[in-house]
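Asks: missing the sequence, but the structure's below:
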DNA sequence: CGCCATGTTGATTTCTATCAAATTGAGTGG
DNA sequence: CCACTCAATTTGATAGAAATCAACATGGCG
């Protein structure tokens, strides 16, 4: 069921630590967005030698909470959901990783969340120990990692405000505005369409709502001519409405 | 009103960057908990020379969101609330800083939250630029900062689960259990009392509830003989109940 | 074509917020 | 020492937003 195509850490690890698919960091389209932007050509080539490409099928699991973190990942294509689950089945999605996002900032041995592929995903994988050794010797990279971590922390705080203090309507509006900004950044140009590759349940679990409420609010927004629902996402009709309702 | 004793960054900054009150890092009681635990005696003495003590009165503001971050702080005594506010007055407290906690992990110029003294607070203050230069040269310290940042990130994710998916009762139980653990760590030994120096409104703004709900739930717990309310905090009566209801 | 996952819509309940009023309690000044 | 004040907290009554329960619709895919 959920296990089709699962590619968990311990098994995945065997094939990594060396160059697998031969992609070239110099031509990496998301490098400017990633931790790798801190590196000069020599460093990049070194990093390339210790990296391997990884692909994950839609609905497969990159790794699970509590698993030992043998690898770290730079997402290069697709969307990953980061999930924390309670024993009774309640879920909170703490974030969606898009191309350019890095998984493995934490220095602890085990993952603190489960990562699942929302779409087919491609990632640049590094053996954790090698990557750590390298960053230990390259203050550039360590600093960049730290920048990423503190930026994530700031985003996490934004999300706490959203979860703790916004109404359902405000949550949805904020989410859509954020997704629009993130996709624009990734794609390098604004698209009329706001891609929503994740399902309604994922959106609900990200916003601390139920799937019914997410569906109702989005469809009400459509009836109110604030947006239109299209295949794979939505399109803003009244962008002002959204800017006004999303938290800065 | 809220401005009595305010000690904002720009003004505070004038008196810092050198040793002010003469406390000795070697005898710092919270060093083992702080970023400073990464340092050897020489480094500690260097850091001491560039540090200054700062004191903030109860209810005063250490710094405000958007202010330029001239200094970074190591809290040595008291409790600080970290606040994000919406334009319409809604507040979300993203965390409480206790002794040993560090404010200024982010590398960005401006603060991403407001910090207010819940009690009288003492802190070890460093000029931001000096501290950054120092950490740039000391991978030890940079790594330690990064560890702190990623640990905070993990705590932030815990808090997202709390805000998004727990009931009022579970939120309060989790909060109390966490405060118990944190105070035990700070004080080095377990105390029967769980100190709650922050008011009910602060607890509400931390848990995404209203003050009335916080009051009601805590008082109901007292009626149910799960805890007793005492001056400055609460005392667990049925510790099992709390362990069972708090998220791992 | 029909199946099953996903999403939508409707009816109702429930939890928590809101509105409103007492109560407590620390600090102040007579 | 005690009355007074003001803020913080508690308690009660009611409202409301979102959850829950329950069908029903859609749509991609074998």
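Replies: That came through fine. Remember, predicted model here, so these are calculated numbers, not experimental data. Numbering: from 1, shown residues only, chains lettered A, B, ... in the order given.
Asks: give me the helices and strands touching the helix ranked longest in chain A, please.
Replies: Counting residues, the longest helix found in chain A (DSSP state H) is helix A:139-165. On a contact count with 3 or more Cβ pairs under 8 Å, 6 or more residues apart in numbering or on different chains; DSSP states H and E, helix A:139-165 meets strand A:91-97, helix A:128-137, helix A:168-187, strand B:80-85, strand B:91-97, helix B:139-165. Heads up, the C-betas are built off the backbone N, CA and C, glycines and all.
Asks: state the mean pLDDT of that helix.
Replies: In this model, helix A:139-165 has a mean pLDDT of 96.
Asks: buried set for that helix?
Replies: A:139, A:141-165 (16 or more other Cβ atoms under 10 Å in any protein chain shown).
Asks: next: stretch A:233-248.
Replies: Buried-residue list, stretch A:233-248, by 16+ other Cβ under 10 Å: A:233-234, A:236, A:241-242, A:245-247.
Asks: start to end distance for that stretch?
Replies: One end of stretch A:233-248 sits 23 Å from the other (Cα to Cα, to the nearest Å).
Asks: again, but for stretch A:99-115
Replies: Note: stretch A:99-115 ends 14 Å apart using Cα to Cα.
Asks: what about that stretch and chain B, any contact?
Replies: Yes. Applying Cβ under 8 Å from any Cβ of the partner chain, one finds stretch A:99-115 touching chain B at A:105-108, A:112-113.
Asks: can you give me the buried ones in that stretch?
Replies: Within stretch A:99-115, the residues that count as buried by 16+ other Cβ under 10 Å are A:99-107, A:111-115.
Asks: which one of these sits closest to DNA strand C?
Replies: Of all the buried residues of stretch A:99-115, residue A:114 has the smallest distance to DNA strand C: 16.6 Å, by Cβ to the nearest atom of the strand.
Asks: please name the bridge partners of the closest one.
Replies: Taking DSSP bridges, one finds residue A:83 as the beta-bridge partners of residue A:114.
Asks: these two touch, right, it and residue A:80?
Replies: No. Between residue A:114 and residue A:80 there is no contact, the gap being 10.0 Å when judged by Cβ atoms under 8 Å.
Asks: which two of the residues of stretch A:99-115 next to chain B have the greatest separation?
Replies: A:107 and A:113 (15.1 Å; Cβ to Cβ).
Asks: still on that earlier bit, which ones among the buried residues of stretch A:233-248 are found in strands?
Replies: Among the buried residues of stretch A:233-248, the ones falling in strands (DSSP state E) are A:233-234, A:236.
Asks: quick one on the thing from earlier: nearest to chain B, of the buried residues of stretch A:233-248?
Replies: Among the buried residues of stretch A:233-248, residue A:247 lies closest to chain B (Cβ to the nearest Cβ), at 6.3 Å.
Asks: which residues sit in contact with the closest residue in space to the closest one that isn't next to it in sequence?
Replies: Among residues not flanking residue A:247 along the chain, residue A:174 sits closest, at 5.6 Å (Cβ to Cβ, 6 or more residues apart in numbering or on different chains). Contact analysis of residue A:174 by Cβ atoms under 8 Å, 6 or more residues apart in numbering or on different chains lists A:162, A:166, A:245-247.
Asks: if we go to 6 Å?
Replies: A:162, A:246-247 (Cβ atoms under 6 Å, 6 or more residues apart in numbering or on different chains).
Asks: again with residue A:196
Replies: Contacts of residue A:196 (Cβ under 6 Å, 6+ apart): residue A:233.
Asks: how much space between it and DNA strand C?
Replies: 8 Å (Cβ to the nearest atom of the strand, to the nearest Å).
Asks: one step back: closest to DNA strand D among the contacts of residue A:174?
Replies: Sorting these by how near they are to DNA strand D, with Cβ to the nearest atom of the strand, puts residue A:162 at the top with 11.4 Å.
Asks: list the residues that contact that closest one.
Replies: Residue A:162 makes contact with A:171, A:174, according to Cβ under 6 Å, 6+ apart.
Asks: and with 7 Å instead?
Replies: A:171, A:174, A:247 (Cβ atoms under 7 Å, 6 or more residues apart in numbering or on different chains).
Asks: I figured the first one hits residue A:207, correct?
Replies: Spelled out, it's residue A:171. Yes. Between residue A:171 and residue A:207 there is a contact under Cβ atoms under 7 Å: 4.4 Å.
Asks: excluding chain neighbours, give the residue nearest to the spatially most central residue of chain A in space.
Replies: Nearest residue to the geometric centre of chain A (Cα atoms, centre = their mean): residue A:97, 0.3 Å. For residue A:97, ignoring the flanking residues on the chain, the nearest one in space by Cβ to Cβ, 6+ apart is residue A:80 at 4.1 Å.
Asks: let me see the contact set for that neighbour.
Replies: A:62, A:96-97, A:115-118, A:121.
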